[in-house]
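Visitor: coordinates only, sequence not included:
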């Protein structure tokens, strides 16, 4: 268990003897649901292996991917204090996906007993809020190909050269139609920026990918 937890800074702040008693390990295959949107927040989840997509169904039934979490990420933090429902469903993207889980009441107790634990949770929340605000501001009003380039760059930084997402997944991240994203991906592929496999995007030229984002920044200046 220690090896899998080494990549999660928050878990490293818990004494090992305590961690072995409170952390539950759960295994999933690609496509399996970890939890469903609207279910009461039962505890805090940690990605110990694999990748997880957060998917939210809106009022009109549209499905939006609100995030992709990878090794070391914390999942399900939004409703931790008020025990509100999970704002989105979590779906495993790879096989195997291994998740760690700590019950909500235990997390709240650790938040009070271990100051560094509480500070790390606050840091994660602040980081995510800043990321959401910057992502919205950076993509607002951009041509679709530049929006797609921006999303792929963010995923490249987090996931590496091979991005295990479909065109549909990217469309959900942006909040648009798959066909629109496919056209943008084809444009980037023609420029030698990426290569699109079945259910996979490969960044073939990171420098060119950055240029697609930099051109937009220059125009704004």
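Guide: Looks like it arrived, so ask away. On a predicted model such as this, the values are computed, not experimentally measured, just so you know. Numbers count the residues shown, from 1 in each chain.
Visitor: Now do the contacts for the residue sitting nearest the centre point of the chain.
Guide: With distances taken as CA atoms, centre = their mean, the residue of the chain nearest its centroid is residue 68 (2.3 Å). Contact partners of residue 68, counting by CB atoms under 8 Å, 6 or more residues apart in numbering, are 51-54, 93, 155, 158-159, 165, 169, 173. C-betas here are computed from N, CA, C, even on glycine.
Visitor: Check which helix or strand it maps to.
Guide: Taking DSSP states H and E as the criterion, residue 68 maps to strand 63-69.
Visitor: which residues touch whatever helix or strand comes next after that strand?
Guide: Remark: after strand 63-69, the chain's next helix or strand is strand 74-75, criterion DSSP H and E. Strand 74-75 is contacted by residues 8, 10, 34, 44-47, 52, 54, 69, 90, 99, 121, 124 when judged by CB under 8 Å, 6+ apart.
Visitor: I'd like those laid out as TSV, including distance to residue 25 and secondary structure.
Guide: As requested, the contacts of strand 74-75 are arranged in TSV below (distance: CB to CB, whole Å; DSSP: H, G, I helix; E, B strand; the rest coil):
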residue	distance to residue 25	secondary structure
8	12	coil
10	16	helix
34	13	strand
44	14	strand
45	11	strand
46	10	strand
47	12	strand
52	15	strand
54	20	strand
69	17	strand
90	16	strand
99	8	strand
121	21	helix
124	21	helix
